[in-house]
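Participant: Pasting a predicted model and its sequence here:
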Amino acid sequence: AGCARREHPAPAPGPRPPAGDALVMVIPHAEKPYAGAAGEDDEGNEDPGSLAGRGRRRAEELLRLFGPGHGAPLPRPAALFATGGPRSAPARCRQTLGPLAAALRIPVHDRFALGAESGAARAVLAAPAPVLLCWEPAGIPRLVHALGAQPVRGLPAAWPDRSDLVWTLTRSRGTWSFRELPQRLLPGDAQ
């Protein structure tokens, strides 16, 4: 008369809870040098993988958009992400966020290289919101897809070849919405 082991059936799967709310602000890197020209690395050396002078000015002005002061049109990021990977990769995204990171005293997470958008999306969604993400323009459509925000109405198929825009992707109760905003930081920016 041994004890019979009773197995309890697994509970029936119920409706999946909606994914948590999120605010992801996406920008491309600031202006790069024209073909045949070189930008400047952080030590002041010519480098074709670095930002052009106008791009450095834009990076310095980002605090006006995302700063902690009153009147900033977008929320202060709680986390910063940039296309990164090996230090031999172009540094434009890291350079774009560098002045803002220093002013906000938060690190730039740059361990994900172009092509690693799935891993970057998981890290972004696990980070405290809002997140500001500076990504290589060629990878932004893959990144948006990896975030699960691809079927959003109004979402462009490819990032325009411009450095003066901000995309905001907001997830509320499991549903994503999209807005495109002009930065309006430098003369000649979209209004």
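Facilitator: Perfect, thanks for sending it.
Participant: What helix or strand is Glu43 located in?
Facilitator: Under the criterion DSSP states H and E, no helix or strand holds Glu43.
Participant: what bits of this structure have low per-residue confidence?
Facilitator: Counting by pLDDT under 70, the ranges of the chain that qualify are 1-19, 70, 87-89.
Participant: which residues of it fall in strands?
Facilitator: Counting by DSSP state E, one finds strands in the chain at the ranges 22-28, 39-40, 46-47, 79-82, 108-109, 131-135, 165-172, 175-182.
Participant: Grab the most central residue of this protein for me.
Facilitator: Centroid-nearest residue in the chain, with CA atoms, centre = their mean: Leu133, separated by 1.5 Å.
Participant: That one pairs with what?
Facilitator: Val26, Phe81 (DSSP bridges).
Participant: OK, contacts around it?
Facilitator: 24-27, 80-82, 120, 124, 143 (CB atoms under 8 Å, 6 or more residues apart in numbering). For glycine as for every other residue, the C-beta is placed from the backbone atoms N, C-alpha and C.
Participant: wait, which of the residues you listed is closest to Cys93?
Facilitator: Ala82 (3.8 Å; CB to CB).
Participant: number of nearby residues for His109?
Facilitator: His109 sits with 19 neighbouring residues when counted by other CB atoms under 10 Å.
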